[in-house]
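Peer 1: Just to be clear, the model below is a prediction. Sequence and coordinates:
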Amino acid sequence: MGKKIFVSYKYADDQVQNLTSDTPSIVRDYIDEFEKKIDSSDHIFKGESDGEDLSKLSDETIWEKLKDRIYDSSVTIVFISPGMKEAGKKDRDQWIPWEISYSLKETSRKNKNGDAITSHSNAILAVVLPDIDGSYSYYLETQNCCDTSCTTHYTNKLFSIIKQNKFNKIKNASTHTCDNERTIWSGTCSYIEAVKWSDFITNYNKYVDSAIDRQNHIDEYKLCKEV
């Protein structure tokens, strides 16, 4: 059975590596590249679509359009990019936090027969895009402070609702203290796990399936669902 995937991203963020040598890229170009890779049975619901003029619509109308797409999806992929947060704007005034919030909430709607159907919290995955220099270190950086290497997640770069769903496993969590007294998490530790674009695009099903597995064990995580 195909997967219904909602993609949350900052459409025009141009602080990302160019996908081709002759044309500057924006985040939407990465979404298009992902869409080329997906299985024919899968379907993507995008927050914004090419050729779709949203400028004349009210915020309420745009939000209703987004809710319809998210409600009909089971997986949300949020693309992390260097310029996804608009400086000077509160989280509540930007779309990505609301899209993540709605993806996590259980929402009831009536079907054609008038019966109430309640959606489940979506499986969620974060895909980290490379910056202009091709580096991921603005968010993911390898450290060698312990006997084994670990990766620092700079969660202050994230919207609050994403940050609060990182390192939020409350059952069967595996942690230890590093030499520098930082807490090191091992294995699966976040409801919204993060993966580099270069790894994701070569085998997206692997990471989507892992997100669905976390969804199947959702009671092991303390979820934040509010912006």
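Peer 2: Right, received. Where do you want to start? Numbers count the residues shown, from 1 in each chain.

Peer 1: alpha carbons only for contacts and neighbour counts from here, please
Peer 2: Will do.

Peer 1: To which secondary structure element type does the spatially most central residue of the chain belong?
Peer 2: Compute the mean C-alpha point of the chain, and by CA atoms, centre = their mean the closest residue is residue 78, 2.1 Å away. At residue 78 the chain is in strand, as set by DSSP: H, G, I helix; E, B strand; the rest coil.

Peer 1: Please name the nearest non-neighbouring residue to residue 133.
Peer 2: What sits nearest to residue 133 in space, not counting adjacent residues and going by CA to CA, 6 or more residues apart in numbering, is residue 17, at 6.2 Å.

Peer 1: what's the distance between that neighbour and residue 152?
Peer 2: According to CA to CA, to the nearest Å, residue 17 and residue 152 sit 21 Å apart.

Peer 1: still on that earlier bit, give the bridge partners for the residue nearest to the centre of the chain, please.
Peer 2: residue 8, residue 126 (DSSP bridges).

Peer 1: list the contacts for it?
Peer 2: 7-9, 100, 124-127 (CA atoms under 8 Å, 6 or more residues apart in numbering).

Peer 1: follow-up on the earlier one: ok, the residue nearest to residue 133 - how many residues close by?
Peer 2: 19 (other CA atoms under 10 Å).

Peer 1: I figured it hits residue 128, correct?
Peer 2: No: Residue 17 is not in contact with residue 128 according to CA atoms under 8 Å; the separation is 11.7 Å.

Peer 1: For the protein, which segments count as helices?
Peer 2: All helices of the chain, identified by DSSP state H, fall at 27-37, 59-71, 95-104, 160-163, 197-200, 204-216.
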